[in-house]
Every structure is written in structure tokens, then in C-alpha cells.
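Chemist: A structural model of the following input is requested.
(one chain, ligands or ions: 2)
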Amino acid sequence: MDGLRIDRLTLRLVRLPLVAFFETSFGRIDDRAFILVSVEGGGVEGLGECVADVDPYYSSETTVTAWHVIKDFLAPLAFGRTFDHPRAVFGALARVRGHHMAKAAVEMAAWDLAARQQQVPLSRLLGGTRTEIPSGVSIGIQDSVAQLFDKIATELAAGYQRIKVKVKPGWDVDVVAAIRDRFGAVPLMVDANAAYRPADAARLAALDRFDLMMIEQPLDYEDLRDHASLQRALRTPICLDESIHSVRAAEDALAIGACRIINIKPGRVGGHGESIRLHDLCASQGIPVWHGGMLESGIGRAHNIHLASLPNFSLPGDIAASRRYFAPDLIEPGIEVSASGTVAVPTGAGIGVHVDWDRVKRATVETLELRA
Ligand code: OSB
Ligand code: MG
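Modeler: Ligands and ions are numbered 1, 2, ... in the order given. Below is the predicted model:
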């Protein structure tokens, strides 16, 4: 390969209605707006999806900040240079602090571009070893326990390998107890999206008796020390999501025992290169990882599937079928889950999915083309 050059970068703000509302401890949403990034080099195009949402609740980034940072800072840094490998892109953007979701969208598009130029599946370039990945589902807070039971029954029947339910104070211990009563020993975990305070430790310890696979991000995203104290008080493993905004944050968390499992989302840490470093760090310390989700369209979802084919992604991820999110998705055919709860890693070049550009066009609210 003669190296990777980016001659053109196109931003598209896309809005798609969700098949069903999604509610977490920070609120309910009915649609998803996100930025698609396409990069062109040598007549080949690579695609990335920025996971920043319209509001700064999961992370401080939004669609508006990501658009601004990519247009005014990241694109100028990426243009006019030759990268030996897409791994070099994150470092080239290092002058910009933070903004990992914006950086990841550009970086991941560059990985897709490189894989397409070399005519290999992205998983091969990333170092993936699996041909299919284990899949779980994330089920939001519902209006009633009956409605939650319906959703869980549907997803178990579809074959998913584990159920994650969102919790918050007042929708937690009783709900988990009811799930155990109704569904027995199914693989089950909860995600609090930072809804608890250290003073809630006793309430969280009340979850220990339900044999949950893990409790995801119980406390504040900046709070590693209290997670370490909480982990010492719990039998259930803590998994960190929001707190692991960089590889360095993961080193700090592991050094003090703030968690026993890590959820990897490339958008949160700055892309595939940083995700591989995080994956390898966890592997070297015997920490299992799984791939998180951000309600991606088929484009971001395909990226996630390729990344989740690396060997230490040993637990089922939040990478489910397209039809749970968007109907239709931006790709055709959509991502499917098998009866045994696995998703096949695409074998075509790059992310290996077929984008339906008519659908993208219809869902696009704003477009901006930037040239080197
Ligand atoms: O905390 O994992 C999370 C969705 C948006 C923001 C944060 C999270 C989530 C999910 C959904 O749990 C995962 C998915 O199905 O994409
Ligand atoms: Mg989470």
C-alpha cells in the first residue's frame, strides 16, 4: 500500500425514527440523529458514524459539537498528509483535546477506506479472529413491568445470549427480583448510566443476591475512586462504560480495582486504534471486555461487529439486529441475529455492508463537503 490520503470529507447529519422509544436514567428518546462521515482517497470511499447524540447527557459531545470540531479542526489536520496505516490517524488528531466521538468518526472512516483499498474485510485489518460474535440486547426502562416482561420474552425467543436492563433508583431491585421470578436463571445484567451516588451502596448491594453478570456504570462517570470502594463491597462485578473515556482512564480504573469488566465503545475512546489498545490492555490483565452499543445505524453497527471479532471480546455485546432500532436501516440487507444469538462478521471489503444511498438521502437533514 502506498499509504492513506484523504482528499475529501463529507459530513451528513441524518435523523431516523427509532422503532420503539429508548429510555435510560437520563431520559427517553424516540429518534436518533447522528453524523455520517465519508472520507475519499484515491477514488475509494470509507464510512464512519459519529455516535454523539443531540444532547450532552451520555457524554459531553453532541451532534453540533462534533460537526464543528470535525469541520474546523479534524478535517484540516487529516487533509494533506499520508498515513502509513489508519492506526496513525488518532495521533495526527492529538492536538485537539477530547472530542473522542468526533475523532472516532473520522478515524473509523479511514480504517474502512484502508480496508477497501486493500480489498480486505475490516476485521482482518483490525486483527479480528472470530467469524461470528455473541450478541445481547439492551432493554430500556419501560412504563410497566408487564411491558418489560414482553420485551424480555421477545428477545429471549429471538435467541439473544444475554439480557441487559436499564435501571435507576426506583426501577431496580424490585424489577430485577420480578425478572428472576418470571424468567429464572437467564444471563442478566443491569446498566445504571451513572444514576446512583456512593450513599446508595446498600441499595446496589441488594442486587448481589440475583447473580447478575455485572452492574454497568453505577456511579458518576468521573468517579473512579468510589467505584473502587463500591466494587470492594459488592460480589457482583462492576463494568465501566462512561468512565472509560480513554485508554489512560482504563489504566487508572484497573490500577485501583474500580471494575472487573470493561465495555468498549470505539466512539468513547477515539476510534478503532484506541479500542484495540484498550482491548489489549484488558487482555494483559485478565479483564474481559464486551462491545457496547450507541443505537447505531447499520454503518456504525458494521464497524462494531468487525471490532468485536477481536479475541478478548469474550462476553456478548450490545450489538443486536438492525430491526430492533430502525425499519428500514440505512443498509440493505440489515444486520441479522442467528437463532443461537450470534451475528456474522461481514466478509466483503471494508465494513462489508451495502449502504442504501436513497435511504441515506431521504434521512439527511444537512450535508457539507470539505476538500483538501
Ligand atoms: O449506556 O450502553 C449504554 C445507548 C445509548 C447510550 C448509552 C448506552 C446505550 C445502550 C444501548 O445501552 C445499546 C444498543 O443497543 O445500541
Ligand atoms: Mg452503558
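Chemist: isn't W171 right up against G140?
Modeler: No - using Cβ atoms under 8 Å, W171 makes no contact with G140, being 10.4 Å away. All C-beta atoms are positioned from the backbone trio N, CA, C, and that covers glycine.
Chemist: Okay, and D30 sits in which element?
Modeler: strand 27-41 (DSSP states H and E).
Chemist: Show me what that strand is packed against.
Modeler: Packing contacts for strand 27-41, counted by 3 or more Cβ pairs under 8 Å, 6 or more residues apart in numbering; DSSP states H and E, involve strand 8-24, strand 44-50, helix 63-69, helix 100-117.
Chemist: Spit out the contact partners of the closest residue to ligand 2 within the stretch 101-250 of the chain.
Modeler: Across the stretch 101-250 of the chain, no residue is closer to ligand 2 than D241, which sits at 3.6 Å (Cβ to the ion). Going by Cβ atoms under 8 Å, 6 or more residues apart in numbering, D241 touches 191, 193, 216-217, 263, 265, 268, 292.
Chemist: Output the residues you listed in CSV; the columns should cover pLDDT and neighbour count.
Modeler: Shown next, in CSV, are those (pLDDT from 0 to 100; neighbours: other Cβ atoms under 10 Å):
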residue, pLDDT, neighbour count
D191, 98, 26
N193, 97, 20
E216, 98, 28
Q217, 98, 24
N263, 98, 25
K265, 98, 28
R268, 98, 27
G292, 98, 25
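Chemist: Ligand 2 next: which of those residues are close?
Modeler: Among the contacts of D241, the residues within reach of ligand 2 (Cβ under 5 Å from the ion) are 191, 216.
Chemist: The contacts of D241 in helices, which ones?
Modeler: R268 (DSSP state H).
Chemist: how about the contacts of D241, which pair is most distant?
Modeler: D191 and R268 (14.1 Å; Cβ to Cβ).
Chemist: Can you list the neighbours in contact with the strand or helix carrying R277?
Modeler: In this assignment (DSSP H and E), R277 forms part of helix 272-284. With Cβ under 8 Å, 6+ apart as the contact definition, helix 272-284 has outside contacts at 86-87, 89-90, 100, 104, 107-108, 111, 126-127, 244, 246-247, 250-251, 254, 262, 264-266, 269, 288-289, 303, 307, 310-313.
Chemist: Please check which residues sit opposite the closest residue to ligand 1 within the stretch 51-200 of the chain as beta-bridge partners.
Modeler: Residue nearest to ligand 1 within the stretch 51-200 of the chain: S138 (3.6 Å; Cβ to the nearest ligand atom). Beta-bridge pairing for S138 (DSSP bridges): K164.
Chemist: Contact partners for it?
Modeler: Counting by Cβ under 8 Å, 6+ apart, S138 touches 164, 166, 191, 293, 318, 320.
Chemist: now do 7 Å
Modeler: Contact partners of S138, counting by Cβ atoms under 7 Å, 6 or more residues apart in numbering, are 164, 191, 293, 318.
Chemist: can you put the residues you listed in JSON lines and add distance to ligand 1?
Modeler: Formatted as JSON lines, those follow (distance: Cβ to the nearest ligand atom, whole Å):
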{"residue": "K164", "distance to ligand 1": "7"}
{"residue": "D191", "distance to ligand 1": "5"}
{"residue": "G293", "distance to ligand 1": "2"}
{"residue": "D318", "distance to ligand 1": "4"}
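Chemist: Tell me which two of those residues sit farthest apart.
Modeler: Using Cβ to Cβ, those span at most 10.8 Å, a distance reached by D191 and G293.
Chemist: quick one: the helices in the stretch 51-200 of the chain?
Modeler: In the stretch 51-200 of the chain, the helices defined using DSSP state H, counting those that start in this stretch lie at 63-69, 75-78, 88-92, 100-117, 122-126, 145-158, 173-183.
Chemist: one step back: please identify the deepest-packed of the helices and strands packed on strand 27-41.
Modeler: Across the helices and strands packed on strand 27-41, averaging neighbours per residue (mean count of other Cβ atoms under 10 Å) puts helix 100-117 on top, at a mean of 28.
Chemist: What is that helix packed up against?
Modeler: strand 4-5, strand 27-41, strand 44-50, helix 63-69, helix 88-92, helix 122-126, helix 266-269, helix 272-284 (3 or more Cβ pairs under 7 Å, 6 or more residues apart in numbering; DSSP states H and E).
Chemist: any chance of the helices of the stretch 51-200 of the chain in CSV, with mean pLDDT and distance to ligand 1 too?
Modeler: Below are those laid out as CSV (pLDDT from 0 to 100; distance: least, Cβ to the nearest ligand atom, whole Å):
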stretch, mean pLDDT, distance to ligand 1
helix 63-69, 98, 14
helix 75-78, 98, 26
helix 88-92, 98, 22
helix 100-117, 98, 11
helix 122-126, 98, 19
helix 145-158, 98, 11
helix 173-183, 98, 16
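Chemist: Fine by me, we can end here.
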